[in-house]
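**Student:** 3D model of this:
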Amino acid sequence: FGYYKKVSHKNKRKSLFLGGFFSDFISICTLLRFAHFMTCPQDYSYHLPDELIAQTPASERDLSKLLLSDGSIHLFREISSFLSPSDVLFFNNTRVIKARAVFPSLTHIRSGVEKLRETNIEIFFVEYRWEYSFEALISPGKWFAVGDIIRGDDFEITVDAMTEDGRLLSISWMSVRDFFEKYGNLPLPPYIEYQKEKESRYQTVFASQEWALAAPTASLHFTREILDRLGKQWVEMQELTLHVGLGTFKSIPRWDEAHTIRLHSETLQINIGLFETIYRVVRTSKKIVAVGTTVVRTLESLPLLYALLPSRIKLLLSPEVAQFWSDLSKKAIELNYSDRPLPDMGFLSYDEEGWMITATTEIFIYEPYQFMLVDKLITNFHLPESSLLMLVCAFAGREKVMSLYEGAVKEKMRFFSFGDAMMLSR
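**Tutor:** Numbering: from 1, shown residues only. Below is the predicted model of the structure:
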């Protein structure tokens with residue numbers, strides 16, 4: 001209660017005029033405003049037997065199970081029964097790349113001196129910079145300093161710089177895309193035993209935009225048949241892109257400073273027309289259904305992104321749409337970021353016409369949070385004490401979500417990337 005005493009002292013002069021009761025009331029309200037910082041791992045923890053971690057996907061994508069908010073369990077292929085023409089589904093069309101390249105031996109060159117390294121060397125892609133440059137993690141990292149060269153049979157990689165997450169590398173003799181396509185394997189999550197035959201099921205049926213490090217797993221359950229069925233029901237479907245980064249597996253290291261933590265940045269790509277689409281959906285009182293937490297992070301980043309758009313891009317929108325997003329941007333900042341850091345939208349670019357926008361977001365959603373756009377969420381079960389579980393709890397309420405998780409464990413539902421799904425509403 002040190003904060004309470006500090007605020008009381010600060011308001012001492014006001015207390016003399018208005019009375020101690022009013023001053024103390026303000027102080028208690030201020031304390032309660034910051035109460036959401038007092039989180040601990042147990043708030044987002046649950047017991048999960050190892051056998052419930054799905055090591056393989058269901059025999060067919062839509063034969064996984066679907067848990068609803070009321071606790072009922074269905075087959076995922078029945079999802080069309082729980083959606084209507086008043087719902088608009090938003091999918092993430094990112095595609096996982098073969099990000100993990102492992103070599104039993106490579107030539108290591110430093111200051112012109114060559115040395116054959118005959119042990120496994122792993123190059124794990126982190127971020128695409130341009131055709132011949134990328135950021136990566138290298139293991140064993142202690143061997144490779146700035147200026148060193150790694151040479152293979154048909155490529156040569158130079159360590160250009162150290163970065164926050166790894167090393168900035170440049171490649172010769174082939175492009176970044178060709179290198180990982182030839183030598184890489186799909187980076188299945190660390191809790192799944194790697195087998196080559198699992199790779200095809202770790203892509204969505206509509207994956208098209210490369211450079212993700214992990215799949216938007218809620219979308220793995222959707223089949224072409226389900227999508228066709230939804231179309232015949234006049235359920236609208238939209239796509240956007242968020243290239244899932246390393247932050248998707250990040251736990252919260254310092255719970256006493258959870259409100260100051262920034263996640264890894266992730267790249268999003270949208271068409272300017274998405275601003276018009278969302279305006280139309282909201283104005284017609286339809287429900288926005290986010291398929292996966294990656295879609296939630298993208299949609300909830302849009303009000304902040306709009307504030308960064310240059311005027312010439314905003315002029316591509318109709319006046320009423322521009323006013324809608326201007327108001328929403330101000331509202332998002334006022335409600336959600338008065339006492340927590342704004343997410344870093346550190347990079348912004350657009351094509352010559354201004355239609356395609358690329359940005360990065362570090363948005364971290366946790367309780368309490370006022371969702372600006374998302375009404376319903378389809379998501380898999382997430383790791384204990386993870387930022388994704390915190391997001392889901394912020395969306396549907398921690399007590400409700402953790403109760404549903406407890407019930408899912410009792411019903412022996414399957415967890416994580418190859419596991420079952422749930423559908424929640426606010």
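
**Student:** and after the top helix by length along the chain, which helix or strand comes next?
**Tutor:** Ordering each helix of the chain by length in residues (DSSP state H) puts helix 319-336 first. Remark: after helix 319-336, the chain's next helix or strand is strand 348-350, criterion DSSP states H and E.

**Student:** who does the helix or strand just after that next one touch, helix- and strand-wise?
**Tutor:** Going down the chain from strand 348-350, the next helix or strand is strand 356-361, by DSSP H and E. If contacts are counted by 3 or more C-beta pairs under 8 Å, 6 or more residues apart in numbering; DSSP states H and E, strand 356-361 sits against strand 266-271, helix 293-308, strand 348-350. Yep, even glycine has a C-beta here, placed from its N, CA and C like the rest.

**Student:** would you list these in a markdown table and tack on mean pLDDT and mean neighbour count?
**Tutor:** Formatted as a markdown table, the helices and strands packed on strand 356-361 follow (pLDDT from 0 to 100; neighbours: other C-beta atoms under 10 Å):
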| stretch | mean pLDDT | mean neighbour count |
| --- | --- | --- |
| strand 266-271 | 94 | 21 |
| helix 293-308 | 96 | 23 |
| strand 348-350 | 84 | 13 |
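
**Student:** Would you mind telling me which of these is nearest Q233?
**Tutor:** Closest approach to Q233 among these is made by helix 293-308 (20.1 Å; C-beta to C-beta).

**Student:** Just want the angle from the closest one to strand 356-361.
**Tutor:** Angle, helix 293-308 to strand 356-361, by axes from the mean of the first three to the mean of the last three C-alpha atoms, to 10 degrees: 110 degrees.

**Student:** which residues sit in contact with the residue most central in space within the chain?
**Tutor:** Nearest to the geometric centre of the chain sits T294, at 3.9 Å (C-alpha atoms, centre = their mean). Counting by C-beta atoms under 8 Å, 6 or more residues apart in numbering, T294 makes contact with 92, 94, 216, 242, 244, 248, 266.

**Student:** Quick check: which of these has the minimum pLDDT.
**Tutor:** In terms of pLDDT, the least confident member of the contacts of T294 is T248, at 65.

**Student:** ranges for the strands of the stretch 1-150 of the chain?
**Tutor:** Using DSSP state E, counting those that start in this stretch, the strands of the stretch 1-150 of the chain run over residues 65-68, 73-75, 87-92, 94-96, 100-103, 106-110, 113-117, 121-130, 133-139, 149-151.

**Student:** Give the pairing partners of the first one; include direction for each.
**Tutor:** Sheet pairing of strand 65-68 (DSSP bridges) gives strand 73-75 (antiparallel), strand 421-425 (parallel).

**Student:** Contacts for the longest helix of the chain next, please.
**Tutor:** Residues outside helix 319-336 that contact it (C-beta under 8 Å, 6+ apart) are 275-276, 279, 282-283, 300, 302-304, 306-307, 314-315, 317, 342, 369-370, 372.

**Student:** at 10 Å what do you get?
**Tutor:** The contact list for helix 319-336 (C-beta atoms under 10 Å, 6 or more residues apart in numbering) reads 275-280, 282-283, 300-309, 311, 314-318, 342-343, 363, 365, 368-373.

**Student:** For this protein, name the helix or strand with the lowest mean pLDDT.
**Tutor:** Lowest by mean pLDDT, DSSP states H and E among the helices and strands of the chain is helix 2-10, with a mean of 32.

**Student:** returning to what we had before: need the strands paired with strand 65-68 in a markdown table (columns: mean pLDDT and distance to M402).
**Tutor:** Converted to a markdown table, the strands paired with strand 65-68 look like this (pLDDT from 0 to 100; distance: least, C-beta to C-beta, whole Å):
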| stretch | mean pLDDT | distance to M402 |
| --- | --- | --- |
| strand 73-75 | 98 | 17 |
| strand 421-425 | 98 | 12 |
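
**Student:** which one of these lies closest to D148?
**Tutor:** Closest of the strands paired with strand 65-68 to D148 is strand 421-425, at 44.8 Å (criterion: C-beta to C-beta).

**Student:** Buried residues in that closest one, which are they?
**Tutor:** Neighbour-count burial for strand 421-425 flags 421-424 (criterion: 16 or more other C-beta atoms under 10 Å).

**Student:** contacting residues for L75?
**Tutor:** Neighbours of L75 in contact, by C-beta under 10 Å, 6+ apart: 58, 60, 62-66, 221, 420.

**Student:** Save the strands paired with strand 65-68 as a markdown table, and put in distance to D148 too.
**Tutor:** Output for the strands paired with strand 65-68, formatted as a markdown table (distance: least, C-beta to C-beta, whole Å):
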| stretch | distance to D148 |
| --- | --- |
| strand 73-75 | 53 |
| strand 421-425 | 45 |
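
**Student:** P189 is nearest to which of those?
**Tutor:** Nearest to P189 among the strands paired with strand 65-68 is strand 421-425; the distance by C-beta to C-beta comes to 16.0 Å.

**Student:** Would you agree M372 is in contact with L299?
**Tutor:** Yes - with contact defined as C-beta atoms under 10 Å, M372 reaches L299; the gap is 7.9 Å.
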